[in-house]
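> From the sequence below, what's the structure:
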Amino acid sequence: MRALAAFASLRNPRFARLYAAQATSQVGDALTWVALALLAYELAGADAAVVLGVALTLRVSAFVLLAPWAGVLADRVERRRLLFVTHLGRAATIALMPFVTDVWQVYALTLLLNAFTAFFTPTNQATVPLLVGRAEAGRAFALSSATTELLGIVGPGLAGVLAAWAGGRTLFYVVALAFLLAALLVLTLPRLRANVAGAAAADRWRDVRDGSARLWRDPPVRFALLMELVAAITGALVLTATVVRVKAGLGLGDVEYGWVMAAYGLGATLASLAFGAAGGRAPRPLIILVGALVTAVALLPADAAPLLPLLGLWLLAGAGQNWVNLPTETLLAERTEEHAQGRVYGAHFAWSHLWWAFTYPLASLLSTRFPDSAFLYGGLLALSGLTLITLGLRRGVRLRAAREAPRTQAP
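Model (predicted):
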């Protein structure tokens, strides 16, 4: 029953409606990259991986450049309207994908799609504690995270069935419909605005800087943000090098690769439910530290692991990855005043994706230079970073405190 504790947040009818809209849009997200992969292969053939690599770079670039501004906007405007516009914008953009005839059009629409996502995600994250309060934000985030991970497991399979039945380009219409339905569900919410006095337009750049400053000057949050860099090292390797390990290293096929990646997603899902069940009993920094340690250690033997042990290792790696990212979202809610949560979540969204912009090339380098020991070197690098960060910040992070009171920080 404790594993179902995260669902208690659905007793809040306003959060239940926000969650329904978010889950619906996440169905669209789960189908999008499968549809893009099929479209890239149709347009570029053997160069489809290059197309997807550029698209992924554009995605991260949009997040890093736009998310801080999105957070500031979320602090200033009525959030229901902003969420509606971002859902509607994504629906309109993805509905244009079936008409694409050239690769540059894929790039342009991908950049536009993720520009809307850069505004949607921090706004949605900042709205969760606004609806449920700081005390219950952990469970609400846990439920959202578990849903995301679960859809990440079943989404590709569902997309494959739909593509086989109706064609790859038809998937984009399904995604557009999901985003449109999410937009309509958002309209059922009451007006949502943070409790903040109006600020002059000239102060927007100051607020953007303040969002990042709050991340770096608060010791527990700074610790969490740097641990996300550690988790990004391992996560980038899992996402880029697993297919090589399964197919070239073990001589297995697409089905087995799907099993391994499903184990990674299942580990993250179970970790989300466990975090929701634990509530506030465990210190956030301690959970983050354990998560980073688990996901790094899980990679060390992966280069030599056969299929069944690899499934178990990726189950642990997914759980560890989640125990870094999910408690960080909760920590931000607990330690940030309501009027600044938008800018803080926006800044965090940008910084956390900047880590991935660094670690994707690192993972590619390790896989290319050390194909038989990439996971070992990646795990050792992650452990080294974890050790340096923990030793360097040990005075500023109180691991014994189950939950610290939010710090009042001048903007």
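
> hey, let's count contacts and neighbours off CA atoms from now on
OK.

> looking at this structure, which helix or strand is least sure?
Here the helix or strand of the chain ranked lowest by mean pLDDT, DSSP states H and E is helix 137-166, holding a mean of 76.

> Centre of the chain to that helix, how far?
13 Å (CA atoms, centre = their mean, to the nearest Å).

> Who are the packing partners of that helix?
Using 3 or more CA pairs under 8 Å, 6 or more residues apart in numbering; DSSP states H and E as the contact test, the elements touching helix 137-166 are helix 13-44, helix 103-132, helix 170-186, helix 254-278, helix 307-335.

> I'd like to know which of those helices lies nearest to Phe223.
Phe223 sits nearest to helix 307-335 of all the helices and strands packed on helix 137-166, at 9.5 Å, using CA to CA.

> ok, back up a step: between the least confident helix or strand of the chain and helix 307-335, what angle do the directions make?
Comparing the axes of helix 137-166 and helix 307-335 via axes from the mean of the first three to the mean of the last three CA atoms, to 10 degrees yields an angle of 130 degrees.

> Could you list the buried residues of helix 137-166?
Applying a neighbour-count criterion of 16 or more other CA atoms under 10 Å, one finds 137-153, 155-160, 162-163 buried in helix 137-166.

> coming back round to it: what's the most buried one of the helices and strands packed on helix 137-166?
Comparing the helices and strands packed on helix 137-166 by mean neighbour count (mean count of other CA atoms under 10 Å), helix 307-335 ranks first with a mean of 24.

> Need the mean per-residue confidence for that helix.
Mean pLDDT, computed over helix 307-335, is 91.

> re the thing from before, and the angle for the least confident helix or strand of the chain with helix 170-186?
150 degrees.

> what inclination does helix 137-166 have with respect to helix 254-278?
If you take the same axes, to 10 degrees, helix 137-166 sits at 160 degrees to helix 254-278.

> any low-confidence regions in the stretch 101-250 of the chain?
Applying pLDDT under 70 to the stretch 101-250 of the chain flags residues 156-157, 194-204.

> chain center to stretch 133-147: distance?
In terms of CA atoms, centre = their mean, the centre of stretch 133-147 is found 14 Å from the chain centre.

> Contacts for it next, please.
Applying CA atoms under 8 Å, 6 or more residues apart in numbering, the external contacts of stretch 133-147 come out as 5-10, 19, 22-23, 128-129, 132, 268-273, 275-277, 279-280, 326-327, 329-330, 333-334.

> need the helices and strands packed on helix 137-166 in JSON lines with distance to Arg206, can you?
Below are the helices and strands packed on helix 137-166 laid out as JSON lines (distance: least, CA to CA, whole Å):
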{"stretch": "helix 13-44", "distance to Arg206": "30"}
{"stretch": "helix 103-132", "distance to Arg206": "18"}
{"stretch": "helix 170-186", "distance to Arg206": "30"}
{"stretch": "helix 254-278", "distance to Arg206": "35"}
{"stretch": "helix 307-335", "distance to Arg206": "19"}
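
> Please name every helix or strand in contact with the helix or strand hosting Leu381.
Leu381 belongs to helix 374-392 when assigned by DSSP states H and E. Contact partners of helix 374-392 among helices and strands, from 3+ CA pairs under 8 Å, 6+ apart: helix 219-244, helix 284-299, helix 341-369.

> and Leu111, which of the ones you listed is closest to it?
For Leu111, the closest of the helices and strands packed on helix 374-392 is helix 341-369, at 15.0 Å, according to CA to CA.

> For the most centrally placed residue in the chain, list the residues it contacts.
The chain has Asn325 as the residue nearest its centroid, 7.8 Å off, counting by CA atoms, centre = their mean. Asn325 makes contact with 228, 288, according to CA under 8 Å, 6+ apart.
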